[in-house]
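Visitor: Have a look at this fold, sequence not included:
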C-alpha cells in the first residue's frame, strides 16, 4: 500500500510582533518626561537658589522620571482601545499589537514603585506629591476623558504638580511659592490642551472622548475658555515677583509672554479654525519654556551680580 501524504493548510495566524527599543521609548514618552523634569528642576532650584545639593536633585529627577514613565505605561494601557480609534495614536505599541498589555502593566507598576521608593528615601513629602500626581492622572483624569468635558481641568492638576515635587524635595514641605508655580502651569494647560483638542476633535469624537471642543460645534465656548485662562495666567505669572522670588526682569518678560499668548487665544476666539488653534498651540509651546527660562535666569542673575 502506498502511504497517503497529508497536506496541511497553510497557517493564517499573524506572527507575534517582536518589541523594539523604539516601542518602549514610545511607551515611556521621553519628550513629555523631559518637560516634566525641567519643571521639577526649576522648582528645586527656586526652592534653594544656588544651594541645591546635587545628589538630592539627581534623586528627585530620577524618582520623578520613573513615576512619570510608569504613569505613561498605565495611561496607555487604559486608553489602548480608544487609541486604536484615532489616527494620531493608532500606531502606539499597544493598539498596534507590538507590546502585550500584561507586559505594559507590569512595567508601569514596577517603574512607579521604584520611583516612589527613590523619592521617599530622602524626600518623603515629594514622594507623597508624586504619588498623588500619579494616582490622579491614571485613575481619575484618564477615565474622566470618556465621561465629562471637565476632564481637562481635572487633568491640569497632576500636570501642574511637577515643580511642587522639586520644591518639596529641597524644602521638605509645600509653601506659597510652590503654590504659585503650580497655579501658573495649571492655568497654562487649559488653552494648551483646548488647542490640541480642537485640532484633533474629529478623532476624539470617533474615540468617544468628551473634550469640550468635541461638544462645542462652533468653537465659541472653546474660544472663551482659552481667553479666560490666558487672562488669568497673566497675573498668576507675576506671583513669583510679588512673592520676592524674582525681580523686575522676570516680571516684564512674563507680562510680555502673557500678552502674546492671550493675543493668539483672542485670534481663535474671533474665528475658530484649525489654523488658529495651531497658533494657540505654538504660542503655548513657546510660553512655558520661555517663562521657566526667565525665572531661572532672573535668579541666576541675582545670585551672580547682587549677592
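Guide: Sure thing, it's come through. None of the values given here were measured: they were computed from a predicted structure.
Visitor: from here on, contacts and neighbour counts on C-alpha atoms
Guide: Will do.
Visitor: Okay, now the unreliable bits of the stretch 1-150 of the chain?
Guide: 1-19 (pLDDT under 70).
Visitor: Buried residues, the helix ranked longest in the chain. List them.
Guide: In the chain, with assignment by DSSP state H, the single longest helix is helix 274-305. Residues of helix 274-305 classed as buried by neighbour count (16 or more other CA atoms under 10 Å): 274, 276-281, 283-284, 287-288, 291-292, 294-296, 298-300.
Visitor: same thing with stretch 21-36?
Guide: Buried, per 16+ other CA under 10 Å, within stretch 21-36: 23, 24, 26, 27, 28, 30, 33, 36.
Visitor: can you put the residues you listed in a markdown table and add distance to residue 216 and secondary structure?
Guide: What follows is the buried residues of stretch 21-36, written out as a markdown table (distance: CA to CA, whole Å; DSSP: H, G, I helix; E, B strand; the rest coil):
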| residue | distance to residue 216 | secondary structure |
| --- | --- | --- |
| 23 | 35 | helix |
| 24 | 36 | helix |
| 26 | 31 | helix |
| 27 | 31 | helix |
| 28 | 32 | helix |
| 30 | 32 | helix |
| 33 | 31 | helix |
| 36 | 30 | helix |
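Visitor: Tell me, how many residues neighbour residue 107?
Guide: 16 (other CA atoms under 10 Å).
Visitor: Likewise for residue 242?
Guide: If we define neighbours as other CA under 10 Å, then residue 242 has 15 of them.
Visitor: where's it relative to residue 250, distance?
Guide: Applying CA to CA, to the nearest Å, the value for residue 242 to residue 250 is 11 Å.
Visitor: try residue 142
Guide: 35 Å.
Visitor: Pick out whichever of those two has more residues nearby.
Guide: residue 250 (24 against 19).
Visitor: how far away is the nearest residue to that one once chain neighbours are set aside from residue 253?
Guide: Leaving out its chain neighbours, the residue that sits closest to residue 250 by CA to CA, 6 or more residues apart in numbering is residue 294, at 5.5 Å. Distance, residue 294 to residue 253, by CA to CA: 7 Å.
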